[in-house]
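[1] What shape does this take:
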Amino acid sequence: MRQGSDLKGRVALVTGASSGIGRATAIALAAAGARVVVNHRAGGDSQVRAAAVVEDIQRVGGQAVAAAADISREADVEHLFGEAVRHFGRLDILVNNAGIEHPSPIADMTLADWRRVIDVNLTGHFLCARAAARAFETQPADPARQGLAQGNILFISSVHEVIPWAFQVNYAASKGGVSLLMKSLAQELAPARIRVNSIAPGAIRTAINRPAWDTPDSLANLLKLIPYGRIGEPEDVAQAAVWLASDASDYVTGTTLFVDGGMTLYPEFRGAG
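    Model prediction:
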């Protein structure tokens, strides 16, 4: 019998897990029973925040370890996944969360601006997904999971995989790429019982979105785009991630789950046309 969202005995790696959605997801996966690798950028505040995430998980009886890597670098990714397996013995779940923005009008956008975002948001997600697929396919199958997924890859995308975003063409292009990367991998890996899905968050109360919600006026303008009438919290995405990582969603693959309060319903068109 399936155990719902119980992840006991599973090992999860969450990229960009030192803050925001990644932090909330790492904590939620651990609360569901998973042992968690908390990825972060090397040094500075990111390392300090990742250590705090590990402490938060351990304080309530969970197991976690912090691991530094720049996911846009192939060697870093290979080392990261090797460390995950060396520490916990296997890997069952990848949450491809790390992402950045670098907005600019197209006329002013440099090639470095473009590459900086694509390298993390798309190439980095490819590198991590490839490393996860290799781990899933080479490690011994879990006999207790016969008939269920032997590996699970989850991309954190964005509503901007479908909503165009002026002045953020590098970001929107990266998320559009993630959409077909996810679907193509799901098609390829399903026969190996590896599930691949995405979550596309809308406006979430994280530091990267702070200018859109940190004043009453900016929040009021943002809420005009959200039919549900509130901004999302990182935990909204984290709970969706737990479900997609669990056996409760075992028949779901190749799907994007929009966690956006209805933003992709284009509420500005209400009553028009």
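[2] mind listing what the residue nearest to Ser19 when sequence neighbours are not counted touches?
    Once flanking residues are discounted, Ser19 sits nearest to Arg49: 5.4 Å by CB to CB, 6 or more residues apart in numbering. Backbone N, C-alpha and C define where each C-beta goes, glycine included. Applying CB atoms under 8 Å, 6 or more residues apart in numbering to Arg49 gives the contacts Ser18, Ser19, Arg23, His40.
[3] neighbours around the third one, how many?
    Around Arg23 sit 24 other residues, with neighbours defined as other CB atoms under 10 Å.
[4] Locate it within the secondary structure: which element?
    helix 20-31 (DSSP states H and E).
[5] Can you tell me the strand partners of the following helix or strand past that helix and which way each runs?
    Using DSSP H and E, the helix or strand that follows helix 20-31 in sequence is strand 35-40. Here strand 35-40 has these sheet partners by DSSP bridges: strand 11-14 (parallel), strand 64-68 (parallel).
[6] can you put those in a markdown table and add distance to Ser174, mean pLDDT and mean neighbour count?
    Output for the strands paired with strand 35-40, formatted as a markdown table (distance: least, CB to CB, whole Å; pLDDT from 0 to 100; neighbours: other CB atoms under 10 Å):
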| stretch | distance to Ser174 | mean pLDDT | mean neighbour count |
| --- | --- | --- | --- |
| strand 11-14 | 19 | 98 | 30 |
| strand 64-68 | 22 | 98 | 21 |
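[7] The residue nearest to Ser19 and Ala133: what is the separation?
    Distance from Arg49 to Ala133, counting by CB to CB, to the nearest Å: 29 Å.
[8] could you check the distance from Phe88 over to Phe126?
    From Phe88 over to Phe126 (counting by CB to CB), the distance is 23 Å.
[9] Those two - which one has more neighbours?
    The neighbour count for Phe88 versus Phe126, taken as other CB under 10 Å, is higher for Phe88 (20 against 17).
[10] secondary structure element for Arg115?
    helix 111-118.
[11] Give me the contact list for that helix.
    Residues from elsewhere that reach helix 111-118 (CB under 8 Å, 6+ apart): Ile100, Glu101, His102, Ser104, Asn170, Tyr171, Ala173, Ser174, Gly177.
[12] got the angle between whatever helix or strand comes next after that helix and strand 35-40?
    Following helix 111-118 in sequence order, the next helix or strand is helix 124-138 (DSSP H and E). Using axes from the mean of the first three to the mean of the last three CA atoms, to 10 degrees, one finds that helix 124-138 and strand 35-40 are set 150 degrees apart in direction.
[13] Good, wrapping up.
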